[in-house]
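>>> Everything below, folded, please.
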Amino acid sequence: MSTSTDSERRTAFICGLRDLATFMETNPAVPVPTDPTIITYYPEQSTDTGLRAEVDRIAALCGTKVDPRLLPHGLYTVARCFGPIHFEVTAILEAARDGATGEPPHGF
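Reported below is the predicted structural model:
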């Protein structure tokens, strides 16, 4: 997912979410996922310091904190949950990009 705070892209994204909600509400025979649905934003920065700063900035906007369970896997992640819908911001740090960490735990 490319990143953007452009008002047109933002409006289109929010409109799409609302359209999906309306569709699901008016079509109860259409199944919904049994597992959480995760929408992930990946910051685009050139350094781990920049990545962490961007995730921290968004965490403050979302009123949440970094999930320490994923740090050993090179993932600097925050999430805000809306029922079974999770909005997640994940920075893949250099060690993970270089393959120096193990696989993240199942379910993350």
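>>> Need phi/psi at the nearest residue to Arg97 once chain neighbours are set aside.
When the adjacent residues along the chain are set aside, Arg97 lies closest to Gly74, with 7.4 Å between them (CB to CB, 6 or more residues apart in numbering). Glycine gets a C-beta too; all of them are placed from N, C-alpha and C. Taking degrees, to the nearest 10, you get phi 80, psi 20 for the backbone angles of Gly74.
>>> if I read this right, Gly74 contacts Thr90, doesn't it?
No - under the contact definition of CB atoms under 8 Å, Gly74 does not touch Thr90, with a separation of 10.2 Å.
>>> helix/strand/coil for the most far-flung residue of the chain relative to its centre?
Computed with CA atoms, centre = their mean, the residue of the chain farthest from its C-alpha average is Ala29, at 28.2 Å. When classified by DSSP: H, G, I helix; E, B strand; the rest coil, Ala29 comes out as coil.
>>> now swap in Lys65 and tell me
Classified using three-state DSSP, Lys65 is coil.
>>> hmm, back to that, to what extent is the residue nearest to Arg97 buried, counted in neighbours?
Burial of Gly74, expressed as a neighbour count using other CB atoms under 10 Å, amounts to 20.
>>> any idea how far it lies from Arg80?
As for Gly74, its distance to Arg80 is 22 Å (criterion: CB to CB, to the nearest Å).
>>> Over to Phe87?
Separation of Phe87 from Arg80 (CB to CB) stands at 5 Å.
>>> which residues do the two both contact?
When contacts are counted by CB atoms under 8 Å, 6 or more residues apart in numbering, the set common to Phe87 and Arg80 consists of Cys62.
>>> Just checking: what are the partner strands of the helix or strand Val78 falls within?
Using DSSP states H and E, Val78 falls within strand 75-82. Using DSSP bridges, the strands paired with strand 75-82 in its sheet are strand 85-92 (antiparallel).
>>> residues in contact with the strand it pairs with?
Contacts with strand 85-92, where a contact means CB under 8 Å, 6+ apart, come from 36-43, 45, 48, 51-52, 54-55, 58-59, 62, 74-81.
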